[in-house]
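Asks: Quick one, fold the following:
(chains A and B)
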There are 2 protein chains.
Amino acid sequence: MFRTIEWIDGVNKVRLVDQTKLPLTVEHIETDSHERIAKSIKIMEIRGAPAIGAAAGMGMALAALESKAKSKEELVKKLEEAALTLNTRPTAVNLTWATRRMLNLAVATEGSVTGIIDRLIEEAKEIAEEDVRMCRAIGENTLPFIKSGYTIQTICNAGSLATVHLGTVGAVVRVAHEKYGNIKVYAAETRPRQQGARLTTFEFMEDGIDTTLITDGMIGTVFRDGRIDCCVVGSDRILGTGHVTNKIGTYTMAIVAKHHGIPFYVVAPMSTVDMNTRPEDVVIEERDPDEIRLINGTPVTVPDAKVYNPAFDITPPELITAIITDKGAVENPTEEKMRRLYES
Amino acid sequence: MFRTIEWIDGVNKVRLVDQTKLPLTVEHIETDSHERIAKSIKIMEIRGAPAIGAAAGMGMALAALESKAKSKEELVKKLEEAALTLNTRPTAVNLTWATRRMLNLAVATEGSVTGIIDRLIEEAKEIAEEDVRMCRAIGENTLPFIKSGYTIQTICNAGSLATVHLGTVGAVVRVAHEKYGNIKVYAAETRPRQQGARLTTFEFMEDGIDTTLITDGMIGTVFRDGRIDCCVVGSDRILGTGHVTNKIGTYTMAIVAKHHGIPFYVVAPMSTVDMNTRPEDVVIEERDPDEIRLINGTPVTVPDAKVYNPAFDITPPELITAIITDKGAVENPTEEKMRRLYES
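Replies: This next block holds a predicted model:
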């Protein structure tokens, strides 16, 4: 199965999928230069918070190898420079977090420079593995809700490509498919940015999972016709009230699922759970109208058409069958149950 | 307001909007040649059953003018040839119907050749006017359901461009806007063919009606936020049971409207009412997967992605507030009420 980014032992290089080329061509970038990694993060050849955290960690390990440092002092100085180089996206907290973790480790480790570098390489691989384990835990925790032969409806992309491997919704599909061998997916294309068409369909096809692409308006028909056993969607922010912020179209899908008695599962890491914000205080980002007016740069409507383009919507808990994280599952979510999960 | 096709008195020419250029440029074709009209129908510069019926009628009138016939016999012969030329789309019953109506009139009319030609021009204009009156009747019959200041959610295009003028949903919006001056529209873009973006948004903007374009997945959010007062959609076939076949996405919209207590109106001419077919016998056309895989010829997913692409869906009567035709309105439609309307 598909890995977004990995460390190649022996040659000590980093290999990552160039996401700017997807889905039409699958090209990998292989590099031993931390500056090349910094460029990949900057121009979004790699994207998604967990994935760029892992990239930054591996970039630091490459910088250590490149440094040819004779002393620990020299090595730490080179790593401090590399951390600045790798922090190309100012709002990405994972970048700062990963580079700091690597730097702190270098400072804290005793022994020879070679020994410290080996330890840094192990740490970079560990950052990536932690993400894989978190995804796998989400997949395992969701498994009790998925039966053999299920067809799963998805929206947007909460797949491998935003993480190191597996993804969140991606983990649910892959872990269930590992077990049963017969899981199918319907991917809603997810206008306006079509992550369902560009990424989800691509990812699952790569993994040999039977995937059918539909437009967002077709959910009523596929639900009514009995093609779907459950919906599994990701989340950008899960509130303590059980309200779920996710890609625009999720709330519409949840209503239509409820109407047909189809279970609706939300999966995400515990790091997305926000116990403090109330649903009425969530600010929904409105994005560039040209995301709707143009597709691949070509107009699909009048150039100055008035457009409403909210990026996310909020699904209330009464439409959600269960919220499932790497820590566990909450069925029929309520504020009290969410707090219990959070504090457990 | 916008006319798809019209006869220009005095110069005796036909003027029509070149729909292949929309929405980026508004170009008109002006011609005194019935062969040019035949070409327009063939290459879909004009489209939609009522509109091409009117085009064929006007094409026959042009052919009569072009004939320079000295006798009625000669005129009828030229018209028979013109009818063959104008019937460029074999399944379009409106073409055959309009050319036959013109031909029959020529045969039945007594008097001078000039007199017959004048009569044919009047008949061609009458065919167009009948369509305008039918659309206006739909608009008038829906007016009791629309209040001042309403914002109307639409899907697909049931507007002017498929008819001579006004459209069906188009008539509802335009007749209400004539009366109140403050009607607004939210147009769902309607993937995969985006008639909402390409045609509906364009049409209403041309008429100075405040129109906002959204993607199909945004309906949940705009309904919940109180932006919409009612939905008005067209129909390709209304069954005697009150089930409504319309563009894919209509059923999803009806469920989401019901969930939010938003009235859902279906408007169409009586000619779309089919009292004989049962819902379970409606065959839904599946269209080319490339309609979803490509947009404007550019891939938006993996080239061989598996796709499900039903063109229409069926909305059951329990989700419909009223069905409104040129003959009248049926609230909370049932089989018995539909029969009463049909037989009235």
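
Asks: where does chain A dip in pLDDT?
Replies: Counting by pLDDT under 70, the ranges of chain A that qualify are A:1-2.

Asks: Tell me which residue of it is furthest from the middle?
Replies: In chain A, the residue that sits farthest from the middle, by C-alpha atoms, centre = their mean, is residue A:70; the gap is 38.6 Å.

Asks: ok, that residue touching residue A:113?
Replies: Yes: using C-beta atoms under 8 Å, residue A:70 is in contact with residue A:113, at 7.0 Å. C-beta: built from backbone N, CA, C; applies to glycine.

Asks: tell me the contacts of the residue sitting nearest the centre point of chain A?
Replies: Most central in chain A under C-alpha atoms, centre = their mean is residue A:162, positioned 3.3 Å from the mean C-alpha point. Contacts for residue A:162 (C-beta atoms under 8 Å, 6 or more residues apart in numbering or on different chains) come out as A:4, A:47-51.

Asks: C-terminal to the lengthiest helix in chain A, what's the next element?
Replies: When chain A is parsed with DSSP state H, its longest helix is helix A:113-142. Where DSSP states H and E defines the elements, the next helix or strand beyond helix A:113-142 is strand A:151-154.

Asks: Paired strands for that next one, with orientation please.
Replies: strand A:184-188 (parallel), strand A:230-233 (parallel) (DSSP bridges).

Asks: follow-up on the earlier one: so what secondary structure elements neighbour the longest helix of chain A?
Replies: The elements that helix A:113-142 packs onto, with contact taken as 3 or more C-beta pairs under 8 Å, 6 or more residues apart in numbering or on different chains; DSSP states H and E, are strand A:5-8, helix A:49-67, helix A:72-86, helix A:93-108, helix A:169-180, strand A:264-267, strand A:322-325, strand A:328-331.

Asks: Now do that helix against helix A:169-180, angle only.
Replies: 70 degrees (axes from the mean of the first three to the mean of the last three C-alpha atoms, to 10 degrees).

Asks: Now do the buried residues in helix A:113-142.
Replies: A:113, A:116-117, A:119-121, A:123-125, A:127-128, A:131-132, A:134-142 (16 or more other C-beta atoms under 10 Å in any protein chain shown).

Asks: quick one: it to chain centroid distance?
Replies: 16 Å (C-alpha atoms, centre = their mean, to the nearest Å).

Asks: repeat for stretch A:275-289
Replies: Chain-centre distance of stretch A:275-289: 20 Å, with C-alpha atoms, centre = their mean.

Asks: Show me which residues of it are buried.
Replies: Buried, per 16+ other C-beta under 10 Å, within stretch A:275-289: A:279, A:287, A:289.

Asks: Touching, residue A:153 and residue A:220? I think so.
Replies: No: counting by C-beta under 8 Å, residue A:153 sits too far from residue A:220 to count as a contact (11.6 Å).

Asks: Look up the closest residue to residue A:116, ignoring the ones flanking it.
Replies: Excluding its sequence neighbours, the residue lying closest to residue A:116 (C-beta to C-beta, 6 or more residues apart in numbering or on different chains) is residue A:109, at 4.8 Å.

Asks: can you list the domain ranges for chain A.
Replies: Annotated domains of chain A cover A:5-136, A:141-343 [automatic domain parsing].
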